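# Could you look at this predicted model? Sequence included:
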Amino acid sequence: MGFLILAPPIKCTLVTVRTARQGEALEMGKLTQEYRDECSTVLMDEDDMNRLRVKEDAIVKVTTKVGSVELRVRPTMNSPGVIAVPLGPWANALIPTDTSHTGMPSYKGIPAEVSTSMGQGITSLDKLLGDLYGGA
Amino acid sequence: MAEEEKLTNIKPDLTDVTDVTCPFCGNLCDDIHIKRTGDDEAEIYHACGVGYFKFKKSITKGATRKNLLRKKSGDKKAPDDAFNEAKLDACIDKAADLLLAAKKPVLFGWASTSVEATREGIALAEEIGGVIDQTSSVCHGPSTLAVQDVGISSCTLGTVLNHADLIIYWGCNPSEAHMRHMSRYTVYPRGAFREKGRQDREVVVVDVRETASTSVATQFIKVDPNADYELIHALRLAMKGEELPDEIPGTGVIKKKVMKLAQRLKRSKFCAFFFGLGLTMTRGRHRNIDAILSLGAELNKDTKVVIRPMRGHYNVTGAAEVFTWQTGYPFAVDLTRGYARYNPGETSLVDLLMRDDADCLFIVASDPVAHLPKEAARRFSNMPVIVIDPHETITSKFADVYLPCAVTGVEAEGTAYRMDGVPIRLKKVINSDVPSDTDIVAKILERVKEKRGGK
Amino acid sequence: MGLILKNGIVFDPKNGIRGEKMDLFIKDGKMVAEKDLGKKAETIDLAGKVVFPGGVDIHAHIAGSKVNSGRLFRPEDSRMRTVPRTNVTRAGSGFSVPTTFLTGYTYSEMGYTTVIEPAVPPLKARHTHEEFHDIPMLDKTGLLLLGNNHQVIEYLKAGDIDRCKEWVAWMLLATKCYGIKCVNPGGTASWAWGKNVDGLDDPCTHFEVTPREIIRGLVDINESLGLPHAVHLHCNNLGTPGNYTTALETIDSVKGLTNKERSVLHITHLQFNGYGGDSWRTFESRGVELAEKIDKTPNITVDTGNVCFEPTTTMTADGPFEFHLHQLGKQKWINFDVELEAGTGVVPYEYRKDVSVNAIQWAVGLEMVLALKDLAKIHLSTDHPNGGPFTCYAEMIAWLMSKKARAETIATLHDAVKSKAAISDMDRELDLFDICLITRGTAQTLGLANKGHLGIGADADVAVYDIGVEEKDGATIERAFRHCAYTIKGGQLAVKDGKVVNAVTGRTLWIDTKPRTDVIEKDLRKRFEGYYSVSLDNYPVQMDYLGESEMVMERCKK
């Protein structure tokens, strides 16, 4: 194992999205591996991935003011500065609750930061759900 | 993607049902063909990938579904605490008790089940004095708020099919979220007055990133996140012949692109806008929708323009319809005082949870813990939760009572309203080992009335 | 258990009963002779109160897609009237567009027992029936929008009357509707291209068929099918200064056609086509002229479409008109085109006493009635909620019965009502028989043989009003008709002292038109496989949606 020169985190905007695979997976079942795999990914512009010095399927850490999760990264084109995470429990860990009195939280357009993960692996669903316990 | 897929070797047909309506997304495609070839096998034609899995899962029987009661009710230490299997009646009884004990129960979901089930839900909410809300409030609720301010010029999807020569998708990705939208209703089909189909139409996509939908577009406008409001107004100004700066401030879009879109609009005879959560979920929320609806209304002076929100769940439109015709309001309806009150931002689910202003959750046809911001989802761990859903979900892990129900549109009949408000009957294709949610909610309502000593 | 209504003062125009003190007998939901009452019967002593057959409202937008759009986009309307649940009734809301439960209760509290939803778009008929299911207290049916149906227009253009007839029959059966509705024929079809028509002989966009051809074609088909009600028509040029000429031409367009049982053309909310002048400034009433025309014309009936001075919601299948109103009044606007069939619009509106045009409109609706000799030809309506909510009927009855009540209102209106309308000089005061005729004679026009009267065999739908026979005070009349003393629906006591005591269910009425599907099969396949966005199999409304229902008529094949 060689020395890793860590690139600085990349500031970007997070949108949470529906994907075809996520739709199919949720119909297969919310507790299936397919669902977990799809919802724990982040789509990131190829050039941004290069600046972060990560390849496809690497684990990255996505952070917003609400919290952070470790996700598998997949490349996309022509979307510099925008990352997309499928709707689901991983995305939820990043979303603020303020609805501006409309009922609707901000699921898209959230300031975020992507950094290299320190080897923790993808955040597990059990950990995400476990975090929801212990009172408000 | 191949239109048909055989699951196993061909076995003798048991039933062959055509014109089945797919209960997944707001497209509500009603041309699905299901050919049963065995007890738990079928050939499924015409459905998109998601619809295909929906039917496949229900037809390919998994483990028998079980009613579950949490062993230690109200004492949730972790997800997946031990559950006991229970009889239907015991679960109904427990659910009724929990609802009656609550001061402000919230009944949420409804968008992925039938109108018939939602009718029972509204009656239950009224009987126990609760709040009833549906998934709109975290989806197209802002669109409804905007319609309540400025109205909307719209039409059925078939009108688009037959008349439209310009399709604009704004802040949505139909190729992934409404997969047959373009092929059934907008871009590709030949219409009565658009005999050449795709060749008779132009397609514009506006989004913050490239997607599978943008690759279909005649023109793709990439806009910076949270800047749609400014861009829509730039377009409104362009349509009125006003001067624009070389770059529209804050949007990342140059004037030339806006002018090009304006020119397309001016020469169009019938333009259909479709917009999605890219507008409802970003800065401005309903103001973004207000802007686009106002643009549409203005343009009708000179040409024909219609606008439709891309409703996600297959019956979110139907839930809003029945909420409205029964209570007067389409979502976030507070019936705690025996009459309807409506104030999204106060009576909507996320706000109720964040204010700790709910003390029991009754979830039907929805998985909010999988879809709410985590601080709101956290509230599911500190109050009683009743879940009625065809399969165990992430939310059912937090339930005190879990009642499996038939999959509406596969195992149970019902009525659903397509994204354009066209009501279609959902067929029953296979038998179910569990009752429908309509029946379950009706039984809970009956039990509540009995316990109250009422009718 | 039978029911005896004793000592009421009965009005029953169809059976020539004009304020006679008599007892009425009810058994198994029907009016019966005393000898058929059976041994057990309850008695209600009406103690001299006035008895009418249950009201039959020939035209009120109460159920369906555009009505619900009106509710949805006007939460402010729901806040104007919010009614809590009781141990008998469900909660409800809505001042001009009440929710379904509240619609049923409110009508019943006014003594109404049957209401016609006059504009059902075929593709969304299922929605109308779903709302019917949730309207208690009333029998209901719908009139089907066909005047801008693309297939109908194409058949008429080709002169293919036989196929057109079977298409109409098929559509009526598929949607479980009662009759043919025609709204701005040709105009709403043109609206799919953003256009309109400007008169009976202006060909519509793309099809190049005139409104006159559409109206006449549908009237001929209606007669040929032997349907119980005339073609129900919303005229072209609605709401425009000078449009009374369109009304007169439309009335003349069916000259010479006769039907022994009923009219051949029913013109709805005629007040909205009762205007002279050529601009808003020269706008004036032509109510009297229209009444004269109606008296002279044997084969038409009309309903008034009166306006009242309340905030309300306009909603029609006249897409271009609603856009026009939106531009005039700058209020929010909903537009909705239904593929290949129809179009609708919804716009809030408030009729104001200090606005000259509104004051004149008020006069037109009343003048048409007061100047008319043959009151069997006219029916009371507000085109609910377009001219005002149906709760205004009580006020309208007061205006028709009391010159003093009219004068009191005229004193509060814009002066134009005196100079541009005849109402101030009209002395006539209708009596209770007349009021009964214009609110219950609707059943005759609709071909509902068992409604609108109290003869043996009629449905036991009865309204009892606490009013003296000679009452002339406007406020008293209004109170009496707004909240009746009793309503009996289908033989059951539903309302007492103006409040619902028993939330009875009503029936959906429909007709079996026995279409010859083989004649139109090729065109059905072509339309549905090519151009509709739903499949043919999923289009017809299943019988399950009708709940309790009654087939009123079966087509006889000649």
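That came through, no problem. Residues are numbered from 1 along each chain as shown, chains lettered A, B, ... in the order given.
# near chain C, which residues of the stretch 51-200 of chain B show up?
Residues of the stretch 51-200 of chain B lying close to chain C (C-beta under 8 Å from any C-beta of the partner chain) are B:115, B:119, B:123, B:126, B:144, B:147-159, B:161-163, B:184-185, B:190-193. The way it works is simple: take the backbone N, C-alpha and C, and place the C-beta from them, glycine included.
# List only buried entries from the residues you listed.
Using 16 or more other C-beta atoms under 10 Å in any protein chain shown as the burial test, those include B:115, B:119, B:123, B:126, B:144, B:147-148, B:150-159, B:161-163, B:184-185, B:190-193 as buried.
# Identify the residues contacting residue B:203.
By C-beta atoms under 8 Å, 6 or more residues apart in numbering or on different chains, residue B:203 lies in contact with B:166, B:167, B:168, B:169, B:187, B:216, B:217, B:218, B:219.
# Buried ones among these?
Buried subset of the contacts of residue B:203 (neighbour count, 16+ other C-beta under 10 Å): B:166, B:167, B:168, B:169, B:187, B:216, B:217.
# ok so, going back, narrow the residues of the stretch 51-200 of chain B next to chain C to those in helices?
The members of those that map onto helices under DSSP state H are B:115, B:119, B:123, B:126, B:144, B:147-150, B:157-159, B:161-163.
# List just the nearest of these to chain A.
Distance to chain A, by C-beta to the nearest C-beta, is smallest for residue B:144 among these, at 9.7 Å.
# near chain A, anything from stretch C:68-80?
No - Stretch C:68-80 lies out of reach of chain A by C-beta under 8 Å from any C-beta, never closer than 13.6 Å.
# quick one on the thing from earlier: near chain A too, which of the contacts of residue B:203?
Within the contacts of residue B:203, nothing lies near chain A by C-beta under 8 Å from any C-beta.
# helices and strands around the longest helix belonging to chain A, which ones?
Under DSSP H, the helix in chain A containing the largest number of residues is helix A:20-28. Contacts defined by 3 or more C-beta pairs under 8 Å, 6 or more residues apart in numbering or on different chains; DSSP states H and E place helix A:20-28 against helix A:33-39, helix B:49-59, helix B:174-177.
# Now those helices in a markdown table, please, with extra columns for mean pLDDT.
Formatted as a markdown table, the helices and strands packed on helix A:20-28 follow (pLDDT from 0 to 100):
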| stretch | mean pLDDT |
| --- | --- |
| helix A:33-39 | 89 |
| helix B:49-59 | 90 |
| helix B:174-177 | 93 |
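# Turn these into a markdown table, including distance to residue B:85 and mean neighbour count.
Output for the helices and strands packed on helix A:20-28, formatted as a markdown table (distance: least, C-beta to C-beta, whole Å; neighbours: other C-beta atoms under 10 Å in any protein chain shown):
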| stretch | distance to residue B:85 | mean neighbour count |
| --- | --- | --- |
| helix A:33-39 | 25 | 18 |
| helix B:49-59 | 21 | 22 |
| helix B:174-177 | 37 | 22 |
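# possible to save those helices as CSV with distance to residue B:355?
Shown next, in CSV, are those (distance: least, C-beta to C-beta, whole Å):
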stretch, distance to residue B:355
helix A:33-39, 28
helix B:49-59, 35
helix B:174-177, 31
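# now the helices for the stretch 201-350 of chain B?
B:228-239, B:255-267, B:277-280, B:286-299, B:316-327, B:349-354 (DSSP state H, counting those that start in this stretch).
# Name the residues of the stretch 251-400 of chain B found near chain C, please.
For the stretch 251-400 of chain B, the residues in contact with chain C (C-beta under 8 Å from any C-beta) are B:269-270, B:297, B:300-301, B:303-304, B:306, B:320-322, B:324-330, B:335, B:337-342.
# If we use 6 Å, what do you get?
Listed as neighbours of chain C in the stretch 251-400 of chain B under the rule C-beta under 6 Å from any C-beta of the partner chain: B:304, B:321, B:324, B:325, B:326, B:328, B:329, B:330, B:338, B:339, B:340, B:342.
# residue in the stretch 401-550 of chain C nearest to chain B?
For the stretch 401-550 of chain C, C-beta to the nearest C-beta, closest residue to chain B: residue C:533, 3.4 Å.
# Quick check: closest non-adjacent residue to that residue.
residue B:158 (3.4 Å; C-beta to C-beta, 6 or more residues apart in numbering or on different chains).
# any idea how far residue C:475 is from the one you found?
According to C-beta to C-beta, to the nearest Å, residue B:158 stands 52 Å off from residue C:475.
# Tell me the predicted confidence for residue 119.
This is for chain A. On the pLDDT scale, residue A:119 is placed at 78.
# Can you look at chain C instead?
Reading off the model, residue C:119 has pLDDT 98.
# Show me the shaky parts of the stretch 51-200 of chain B.
Along the stretch 51-200 of chain B, segments meeting pLDDT under 70 span B:61, B:73-81.
# Now with 90, please.
B:53-54, B:57-64, B:71-82, B:137-140 (pLDDT under 90).
# how far out from the middle of the chain is the helix or strand of chain A with the lowest mean pLDDT?
The weakest-scoring helix or strand in chain A, judged by mean pLDDT, DSSP states H and E, is helix A:20-28 (a mean of 81). Distance of helix A:20-28 from the chain centroid (C-alpha atoms, centre = their mean, to the nearest Å) equals 17 Å.
# which bits of chain A sit near chain B?
Residues of chain A lying near chain B by C-beta under 6 Å from any C-beta: A:13, A:18-20, A:23-24, A:27-28, A:30, A:77-79, A:82, A:88-89, A:92-93, A:95, A:97, A:99, A:101-105, A:107-109, A:129, A:132-133, A:135-136.
# are any of those residues buried, and which?
The neighbour-count test (16+ other C-beta under 10 Å) marks A:13, A:18-20, A:23-24, A:27-28, A:30, A:79, A:82, A:88-89, A:92-93, A:95, A:97, A:99, A:102-105, A:107-109, A:129, A:132-133 as buried among the residues of chain A next to chain B.
# Under the pLDDT cut-off, which ranges of the chain? List them.
If you meant another chain, say so; for now it's chain A. Low-confidence segments of chain A, defined by pLDDT under 90: A:1-7, A:18-35, A:77-78, A:97-107, A:117-120, A:126, A:129-136.
# hmm, I had chain C in mind actually
For chain C, applying pLDDT under 90 flags the ranges C:1, C:38, C:547, C:552-558.
# Now do residue C:42 against chain B, distance only.
Separation of residue C:42 from chain B (C-beta to the nearest C-beta, to the nearest Å): 22 Å.
# helix/strand/coil for that residue?
Assigned by DSSP: H, G, I helix; E, B strand; the rest coil, the conformation of residue C:42 is strand.
# quick one, what contacts it?
Listed by C-beta atoms under 6 Å, 6 or more residues apart in numbering or on different chains, the contact partners of residue C:42 are residue C:3.
# Which residues are in contact with the closest residue to chain C within the stretch 251-400 of chain B?
Nearest residue of the stretch 251-400 of chain B to chain C, counting by C-beta to the nearest C-beta: residue B:328, 3.4 Å away. For residue B:328, the contacting residues are B:340, C:71, C:78, C:93, C:94, C:99, by C-beta under 6 Å, 6+ apart.
# Dump these into CSV; add secondary structure as well.
Converted to CSV, these look like this (three-state DSSP):
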residue, secondary structure
B:340, coil
C:71, helix
C:78, helix
C:93, strand
C:94, coil
C:99, coil
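# Brilliant, that's me finished.
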